[in-house]
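[1] Generate a structure from the sequence data that follows.
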Amino acid sequence: YFKGIPMDVSLAYEACKNGKSVLFFSLEMTREEIVERIISNDSKVSLYKFKKSEPDPVDVQKINKSLNKMKSFKLDIDDTPGITIDMIQTKALQKQKSEEGLDMIIIDYLQLIKTTTSFRSRQEEVADISRSIKLLAKSLKVPVMVLVQLNTKIVKKARYQQKMIFENLLLSLKTLILLF
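    Numbering: from 1, shown residues only. From the prediction side, this is the model:
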């Protein structure tokens, strides 16, 4: 895990650096933001200097070296807003059948995946998404890393707090199952 770079991006970078093929679904950051963070981290040029100011010639060399390294990466970043689990499954299957193959899937993050089915509760919806992702990992025989966002704020209404604790616990348990 690198300072200033999210854990999921760091893991994708390390996997690609080691020749693995990664399919990264980013439902929060754009493709450009992820690539900027990888290049900034790899080149050791601060993200601020990389994005906001004119880098000095040494920094430009470092950035170009990182860009060239990234060209060899087997990293597909999908930042489609409102992506559904069906779309994720289709894209993963296409990637696996491609020449590069597929070694790992990263999804950031679970709560932003859309469903096409209506459910009685958020817990049922999350459970269905988790189950679908687990079946995807099993059928493709690849690890799937799914990030979740846990609500850590103290909620005043007890019923809402209990519901959030249950949902967060459910997400944590499902995530642990998916990381294999």
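[2] where's the closest residue to residue 51 other than its chain neighbours, which helix or strand?
    Closest residue to residue 51 apart from its sequence neighbours, by Cβ to Cβ, 6 or more residues apart in numbering: residue 36 at 6.4 Å. For every residue, glycine as well, the C-beta is placed using N, CA and C. Assigned by DSSP states H and E, residue 36 falls within helix 31-43.
[3] swap in residue 8?
    Assigned by DSSP H and E, residue 8 belongs to helix 7-17.
[4] Could you point out the helix or strand that follows that helix?
    Using DSSP H and E, the helix or strand that directly follows helix 7-17 along the chain is strand 21-26.
[5] Quickly run through the sheet partners of that next one, with directions.
    Strand 21-26 has the following sheet partners, assigned by DSSP bridges: strand 74-78 (parallel), strand 104-108 (parallel).
[6] What residues of the next helix or strand along the chain from the last one count as buried?
    As assigned by DSSP H and E, the chain's next helix or strand after strand 104-108 is helix 122-140. Residues of helix 122-140 classed as buried under the neighbour-count rule (16 or more other Cβ atoms under 10 Å) are 125-127, 129-130, 132-134, 136-137, 140.
[7] Tell me how many other residues crowd residue 60.
    Using other Cβ atoms under 10 Å, residue 60 has 13 neighbouring residues.
[8] what's the most buried one of the strands paired with strand 21-26?
    Comparing those by mean neighbour count (mean count of other Cβ atoms under 10 Å), strand 104-108 comes out on top with a mean of 23.
[9] Please state the offset of that strand from the chain centre?
    Centroid separation between strand 104-108 and its chain, computed with Cα atoms, centre = their mean, to the nearest Å, is 5 Å.
[10] what is the orientation angle of it with helix 31-43?
    Put simply, strand 104-108 runs at 120 degrees to helix 31-43, going by axes from the mean of the first three to the mean of the last three Cα atoms, to 10 degrees.
[11] Understood, closing this out.
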